[in-house]
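S.K.: build me a structure from this.
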Amino acid sequence: MLDWNDVKTKANADGEFCIHARMWNSSLRISIGDQRKRIDIESGKITEIHDWRGGGPTDLSISASHRDWEELLQDVPKPFYQDLYPASIHHGFEITGDQDNYCAYYPAIRRLIEIFREVRNAKI
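M.R.: Numbers count the residues shown, from 1 in each chain. Have a look, this model is predicted:
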């Protein structure tokens, strides 16, 4: 679904993401159906994206079915798929973990989702 190297490169070069994530130190688990990735972030930069098979903790987890991610990452998403927050209320997205981390860095998370969308749609 996503070229994770492109995600890392694009996010680390993206001014908006870098501003919103500038003091963010976290590990973020992204679950797209049964595909799970761990994104390590240090001082606002993505240092690594790798497969996550469990066993190690993450600060925050965002998970949904493959179908829900497909809808969220459409070039022009349907209502309530335009952003992670409404998708978590009206659709099958689950956000777990450190809620303070989630709230403080929501603008960075939102921009990261937009980068996911850009990377996905550049490949279609």
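S.K.: going by C-alpha atoms from here, please, whenever you check contacts or count neighbours.
M.R.: Will do.
S.K.: which other helices and strands contact the helix ranked longest in the chain?
M.R.: What stands out as the longest helix in the chain, according to DSSP state H, is helix 106-122. Applying 3 or more C-alpha pairs under 8 Å, 6 or more residues apart in numbering; DSSP states H and E, we find helix 106-122 packed against helix 4-13, helix 15-20.
S.K.: let's see that with 10 Å instead.
M.R.: helix 4-13, helix 15-20, helix 66-72, helix 84-90, helix 99-104 (3 or more C-alpha pairs under 10 Å, 6 or more residues apart in numbering; DSSP states H and E).
S.K.: of all these, which one is nearest Leu28?
M.R.: helix 99-104 (10.0 Å; C-alpha to C-alpha).
S.K.: bridged to the nearest residue to Asn12 once chain neighbours are set aside, which residues?
M.R.: Once flanking residues are discounted, Asn12 sits nearest to Lys45: 5.8 Å by C-alpha to C-alpha, 6 or more residues apart in numbering. Taking DSSP bridges as the rule, Lys45 bridges to Glu42.
S.K.: what's the angle from the longest helix of the chain to helix 4-13?
M.R.: 130 degrees (axes from the mean of the first three to the mean of the last three C-alpha atoms, to 10 degrees).
S.K.: many thanks, we can stop here.
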